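In: Sequence plus predicted model, see below.
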Amino acid sequence: MIRLVDVCKSFGDKEVLHHINLTIEDGETLAIIGGSGSGKSTLLRLLIGLIRPTSGEIWIGDTEISRLSEAELDKVRLHMGMVFQYSALFDSMTVGDNVAFGLREHTDMPEKEVQRIVEEKLNLVGLENVAHRMPNELSGGMKKRVSLARAIAFEPEIVFYDEPSSGLDPIMTEKIDELISHTQQALNVTSVVVTHDMASACRIADRIAMVYEGELIAVDTVENFKNIRDERVQAFFHTLRTVKEA
Ligand SMILES: Nc1ncnc2c1ncn2[C@@H]1O[C@H](COP(=O)(O)OP(=O)(O)OP(=O)(O)O)[C@@H](O)[C@H]1O
């Protein structure tokens, strides 16, 4: 379980997250939505331990991470996989070496086992026979898949996605969404997906959390979310309808 207790975050004298309380259950897929600058990425960076809250507590399982040392945080991060907005692959390494990177860095697993896992995870994300290719030979959607294969190589308990469909066309976006759902089911991971794409959020999430100007203004199941009368929530749904009608 992931739990944020009364979390505030300021940069200088600007408070960008106000008193966030949120629980994410094991095996759940939670989409965090919100407009540009609302605080979604800041929330994600707090959950990964890249930045620390100004006040409040962040629990990953039984560990409160906000005051851990970097070495202690690294141990917690071994249970997390991360898929970044721009895939963040190492361009000078083959796809296979990218996926293998964490395994080689953090374990003394025999090379044969590393290769087996690389192949297994690339297959899971629907990529066969690409291990020898370089990232710059791949499309944006394929890079996202490689990034996901790398994130799950360690069999993490939680996978964080930062705008997984940014820069992709609608068809590829749907494919990545399917893959997020498939990964959740295959590995029973907890998934936290930051997105500004309401259609994606509705497709993949069990629950949606909406951040608005640094406040968590709604957290509910996809079905209930549609009926929330708050005009800020409705405005987000309106963008979804407008896109569909266009
Ligand atoms: N390191 C930082 N120093 C100062 N201000 C920051 C820092 N990081 C984020 N902010 C500010 O915090 C606010 C929230 O930013 P954040 O990146 O979390 O928003 P977001 O919802 O992810 O937006 P987007 O969808 O555009 O990525 C913004 O006003 C941003 O300028």
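Out: Alright, I've got the coordinates. From a predicted model like this one, the values you see are computed outputs, not experimental measurements.

In: Grab the most central residue of this structure for me.
Out: residue 161 (1.7 Å; CA atoms, centre = their mean).

In: Please name the bridge partners of that residue.
Out: residue 83, residue 193 (DSSP bridges).

In: Next, the contact list for it, please.
Out: By CB atoms under 8 Å, 6 or more residues apart in numbering, residue 161 lies in contact with 82-83, 180, 191-195. Placement of C-beta: from N, CA and C, glycine included.

In: Any chance of JSON lines for those residues, columns pLDDT and distance to the ligand?
Out: Shown next, in JSON lines, are the contacts of residue 161 (pLDDT from 0 to 100; distance: CB to the nearest ligand atom, whole Å):
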{"residue": "82", "pLDDT": "92", "distance to the ligand": "15"}
{"residue": "83", "pLDDT": "91", "distance to the ligand": "15"}
{"residue": "180", "pLDDT": "93", "distance to the ligand": "18"}
{"residue": "191", "pLDDT": "96", "distance to the ligand": "18"}
{"residue": "192", "pLDDT": "97", "distance to the ligand": "13"}
{"residue": "193", "pLDDT": "96", "distance to the ligand": "13"}
{"residue": "194", "pLDDT": "95", "distance to the ligand": "7"}
{"residue": "195", "pLDDT": "91", "distance to the ligand": "9"}
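
In: Take those and write them to TSV, including distance to residue 211.
Out: Formatted as TSV, the contacts of residue 161 follow (distance: CB to CB, whole Å):
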residue	distance to residue 211
82	19
83	19
180	20
191	17
192	13
193	13
194	9
195	11
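
In: Just the residues contacting stretch 132-149, thanks.
Out: With CB under 8 Å, 6+ apart as the criterion, stretch 132-149 contacts 81, 83-84, 87-91, 93-96, 98-99, 118, 121-122, 124-127, 130, 159, 164, 167-168, 172, 175-176, 179-180, 183.

In: Let's see which of those end up in helices.
Out: Among these, the members falling in helices (DSSP state H) are 95-96, 98-99, 118, 121-122, 124, 172, 175-176, 179-180, 183.

In: What are the boundaries of the helices in the chain?
Out: Assigned by DSSP H, the helices in the chain fall at 40-48, 70-77, 95-106, 111-124, 140-152, 170-187, 198-204, 222-225, 231-245.

In: so how far is stretch 206-218 from its chain's centroid?
Out: Mean-position distance between stretch 206-218 and its chain equals 16 Å (CA atoms, centre = their mean, to the nearest Å).

In: Just the endpoints, please. Distance across it?
Out: Distance between the boundary residues of stretch 206-218 (CA to CA, to the nearest Å) amounts to 14 Å.

In: Just the residues contacting it, thanks.
Out: Here stretch 206-218 has contacts from 15-22, 28-35, 38-40, 43, 201-202, 219-222, 225, 228, 230, 232-233, 236, using CB under 8 Å, 6+ apart.

In: Would you list the buried entries among the residues you listed?
Out: The neighbour count (16 or more other CB atoms under 10 Å) marks 16-17, 20, 22, 28-35, 38-40, 43, 201-202, 219, 225, 228, 232-233, 236 as buried among the contacts of stretch 206-218.
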